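Student: I need the structure of the sequence given here:
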Amino acid sequence: MLSVFISEKYNFLQAKITQHPFEKFTFFVAFLLGSLLTQNILSPFLVVTCISTFFLYHALSVKALFQIAALPMSFMLVAVLSIICIISQESFEAIYITQIGDYYIGFSQISLDIGIFIIVKAMGAMFAFYFLILTSPIDEIEYLLRKMKLPDLLVELFVLSFRFITILLLFSRQCYLSQKKRMAYRSFSSSIRSLGMLISSVLIKSLIHADFSQQALLNRGYRGEMRFIEIHEPFVLKRSIIALLLMIALVAIGQLRL
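Tutor: Numbering: from 1, shown residues only. From the prediction side, this is the model:
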């Protein structure tokens, strides 16, 4: 599912949102700080709602929205369950508790509140990153990283890693669909064997593609510096002011005691 949000079918979002990269970045910072600098769940909930509405307005389907959030949400739930669930050798006040051997397992109102707060906060930050990634092509992100004076090596590693991840995920999906159509996953043993073949194929493909990419860069005059053509819409200060006001409002809402 991770390949969904970086697949070609979402390039229309990047094509439609043509504002200057710094304008997108200011909104990203506003959403991110609004989600992180909060003492309640209202501010990150508003962030998720605003970004979801924005994506739906620009023709992203509800199904696609759930798909891009599914994988990171599964990791979040596993992490939060370790916070919500309490394991103790002594009985404790809880909403639900059960005894297994010498241990009591359950969750209290406090642990539940903390778990909900963390997952909503993480969702707000996650959607803020989705906003930047889905509306900004890789050349715009590279432009932002260079303007932030990051070392050229880190910028180029990011660009190449992003490109390789996209290619390899799409390739692995194609291989998986090809195997599935040939009934490669009809039993547990065949599934294990097919999964091993899939992993080895992706590894070999990555090594071959890395060699081709290096040769292509060298043939085009690459000497340790990768540059993109910088063609952007003019910077509009009014939108950045709106983003600043939005950040102040979200941070202020986040400090409310509910």
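Student: Could you chop the protein up by domain?
Tutor: The chain is divided into the following domains under automatic domain parsing: 1-136+232-258, 137-227.
Student: Please tabulate the ones you listed in a markdown table and include mean neighbour count and mean pLDDT as additional columns.
Tutor: For glycine as for every other residue, the C-beta is placed from the backbone atoms N, C-alpha and C. Written out in a markdown table, the entries for the domains of the chain read as follows (neighbours: other Cβ atoms under 10 Å; pLDDT from 0 to 100):
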| stretch | mean neighbour count | mean pLDDT |
| --- | --- | --- |
| domain 1-136+232-258 | 16 | 79 |
| domain 137-227 | 13 | 79 |
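Student: what secondary structure does residue 183 sit in?
Tutor: For residue 183, the reduced secondary structure class is coil; criterion used: DSSP: H, G, I helix; E, B strand; the rest coil.
Student: Next, work out how far apart it and residue 194 are.
Tutor: Counting by Cβ to Cβ, to the nearest Å, the gap between residue 183 and residue 194 amounts to 10 Å.
Student: which residues of the stretch 51-200 of the chain fall in helices?
Tutor: Listed in chain order, the helices of the stretch 51-200 of the chain (DSSP state H, counting those that start in this stretch) span 62-84, 109-135, 138-147, 152-181, 188-219.
Student: Need these in a markdown table (columns: distance to residue 97).
Tutor: Output for the helices of the stretch 51-200 of the chain, formatted as a markdown table (distance: least, Cβ to Cβ, whole Å):
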| stretch | distance to residue 97 |
| --- | --- |
| helix 62-84 | 13 |
| helix 109-135 | 12 |
| helix 138-147 | 48 |
| helix 152-181 | 42 |
| helix 188-219 | 36 |
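Student: Figure out which of these is closest to residue 20.
Tutor: Comparing these by their distance to residue 20 (Cβ to Cβ), the top pick is helix 138-147, with 8.8 Å.
Student: helices and strands around the closest one, which ones?
Tutor: helix 21-36, helix 152-181 (3 or more Cβ pairs under 8 Å, 6 or more residues apart in numbering; DSSP states H and E).
Student: how many degrees apart are the longest one and helix 188-219 in direction?
Tutor: Here helix 152-181 points in a direction 140 degrees away from that of helix 188-219 (axes from the mean of the first three to the mean of the last three Cα atoms, to 10 degrees).
Student: Which neighbouring elements make contact with helix 152-181?
Tutor: Helices and strands touching helix 152-181, as assessed by 3+ Cβ pairs under 8 Å, 6+ apart, comprise helix 2-5, helix 138-147, helix 188-219.
Student: any chance of those helices in a markdown table, with distance to residue 169 too?
Tutor: As requested, these are exported to a markdown table (distance: least, Cβ to Cβ, whole Å):
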| stretch | distance to residue 169 |
| --- | --- |
| helix 2-5 | 4 |
| helix 138-147 | 15 |
| helix 188-219 | 9 |
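Student: Of all these, which one is nearest residue 81?
Tutor: Among the helices and strands packed on helix 152-181, helix 2-5 comes nearest to residue 81, with 21.0 Å by Cβ to Cβ.
Student: Not including adjacent chain positions, what is the nearest residue to residue 121?
Tutor: Across the structure, with Cβ to Cβ, 6 or more residues apart in numbering as the measure, the residue nearest residue 121 apart from its sequence neighbours is residue 44 (5.0 Å).
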